[in-house]
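J.: Sequence isn't available, so here's the structure alone:
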C-alpha cells in the first residue's frame, strides 16, 4: 500500500505549487517539515526514457542483399549438407590438374 501513488492537485495552493515546480526544475529533493519533524519528501519524477527507434534503411543497406536468396540458383541448404560440400571442396582443391 505504501508504494501506491495518489495524485494531489496543488493548482490552488500557490506555495506548494511553487515548491513542486522548483523540485521539477532543479531535479533536487525537498523535505517538508513542521516543528522540526520531517513529514514528507518531495522528489522529482524519474525521466521517461524513450526506446531507440530503428534506423531507416537505404539502398546501400546490406539487408537488401538477402532478398530473393531463396529463389536463387545457388545452394540454399548448406547447413544440411555441410559435410558433402566440405568433401567436394577438399577433392577439388587436391585434384587440380
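T.: Arrived safely, thanks for sending. Everything numeric here is computed off the predicted structure, so don't read it as measured data. Residues are numbered from 1 along each chain as shown.
J.: Give me the residue at the spatial middle of the protein.
T.: residue 51 (4.3 Å; CA atoms, centre = their mean).
J.: That one and residue 40: what is the separation?
T.: 33 Å (CB to CB, to the nearest Å). Every residue, glycine included, has its C-beta placed from N, CA and C.
J.: same question, residue 56
T.: To residue 40, residue 56 is 47 Å away according to CB to CB.
J.: show me where this protein has strands.
T.: 30-34, 37-42 (DSSP state E).
J.: quick one: strands adjacent to the first one?
T.: It stands for strand 30-34. Counting by DSSP bridges, the strands paired with strand 30-34 are strand 37-42 (antiparallel).
J.: I'd like the distance from the strand it pairs with to the chain centre, please.
T.: Mean-position distance between strand 37-42 and its chain equals 35 Å (CA atoms, centre = their mean, to the nearest Å).
J.: for stretch 80-92, same thing?
T.: Stretch 80-92 has its C-alpha centroid displaced from the chain centroid by 42 Å (CA atoms, centre = their mean).
J.: low-scoring stretches of the protein, by residue?
T.: Across the chain, the ranges flagged by pLDDT under 70 are 1-3, 69-76, 96-97.
J.: where exactly do the helices run in it?
T.: Using DSSP state H, the helices assigned to the chain run over residues 14-26, 82-94.
J.: Need these in TSV (columns: distance to residue 5 and mean neighbour count).
T.: Formatted as TSV, the helices of the chain follow (distance: least, CB to CB, whole Å; neighbours: other CB atoms under 10 Å):
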stretch	distance to residue 5	mean neighbour count
helix 14-26	14	12
helix 82-94	58	10
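J.: Just tell me which of those helices ends up closest to residue 67.
T.: helix 82-94 (23.8 Å; CB to CB).
J.: Neighbours of the nearest residue to residue 44 once chain neighbours are set aside, how many?
T.: Distances taken as CB to CB, 6 or more residues apart in numbering place residue 27 nearest to residue 44, at 4.8 Å, with adjacent residues excluded. Counted by other CB atoms under 10 Å, the residues lying close to residue 27 total 10.
J.: please renumber so the chain begins at 73
T.: Understood, numbering begins at 73; the last thing we discussed is residue 99.
J.: these two touch, right, residue 99 and residue 118?
T.: No. Look at residue 99 against residue 118 with CB atoms under 8 Å: they stay out of range, at 10.3 Å.
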